[in-house]
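*Asks:* Provided below for reference: sequence and predicted model.
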Amino acid sequence: MTHDEFKQIALSFPGVEEGKSYGKPAFLVNGKFLTRVRAADKSAVFTGVHFDEREMLIECEPKTFFFVAHYKDYPAVLARLESLHPGSARNFIERRWREIAPKKLVRAYDAERDSAAVGA
């Protein structure tokens, strides 16, 4: 996937905006870090990924998932955009978004999705 495709997915969630985290471009919701793309290696940073899950991802898809020493003790995984499936990106972003977005926003998002599913 491209950086623009990743950006489009991140910004598709309510309340997400572009901003800075530790001086680096990032996507935020409610002022909290959601995700970002590392310029150094064009990889997405997905937080809230526990160590067991991270190890499984790296073992199953080593061309996509990895981590660097900076994230060794932090529940996070990196994913190379070039081999990251858009559906996987959406899932990781949504999972983290649900953790940090205001509950009112999450409820409204779910209600909208539910009503769209009923109408389909």
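*Replies:* Structure received. No experiment lies behind these values; they were computed from the predicted model shown.
*Asks:* gap between stretch 93-109 and the chain center?
*Replies:* Averaging C-alpha positions (C-alpha atoms, centre = their mean, to the nearest Å) puts stretch 93-109 12 Å from its chain's average.
*Asks:* Can you list the buried residues in that stretch?
*Replies:* 93, 96-98, 100-101, 105-106, 109 (16 or more other C-beta atoms under 10 Å). For every residue, glycine as well, the C-beta is placed using N, CA and C.
*Asks:* how much space is there between Phe66 and Tyr22?
*Replies:* 20 Å (C-beta to C-beta, to the nearest Å).
*Asks:* Between those two, which is the more surrounded one?
*Replies:* Set Phe66 next to Tyr22 and count neighbours by other C-beta atoms under 10 Å: Phe66 wins out with 17 against 7.
*Asks:* Report the contact partners of the most centrally placed residue in the chain.
*Replies:* With distances taken as C-alpha atoms, centre = their mean, Ile93 lies nearest the centre of the chain, 2.9 Å away. If a contact means C-beta atoms under 8 Å, 6 or more residues apart in numbering, then Ile93 has 9-10, 13, 27, 34-35, 46 as its contacts.
*Asks:* buried subset of those?
*Replies:* 9-10, 13, 27, 34-35, 46.
*Asks:* Which single one of the buried residues of stretch 93-109 is nearest to Asp41?
*Replies:* Ile93 (18.7 Å; C-beta to C-beta).
*Asks:* follow-up on the earlier one: could you list which of the buried ones among the contacts of Ile93 belong to helices?
*Replies:* Among these, the ones falling in helices (DSSP state H) are 9-10.
*Asks:* can you redo the buried ones among the contacts of Ile93 as TSV with distance to Val118 and pLDDT?
*Replies:* Formatted as TSV, these follow (distance: C-beta to C-beta, whole Å; pLDDT from 0 to 100):
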residue	distance to Val118	pLDDT
Ile9	24	98
Ala10	27	98
Phe13	21	97
Phe27	30	98
Leu34	29	98
Thr35	30	98
Phe46	31	98
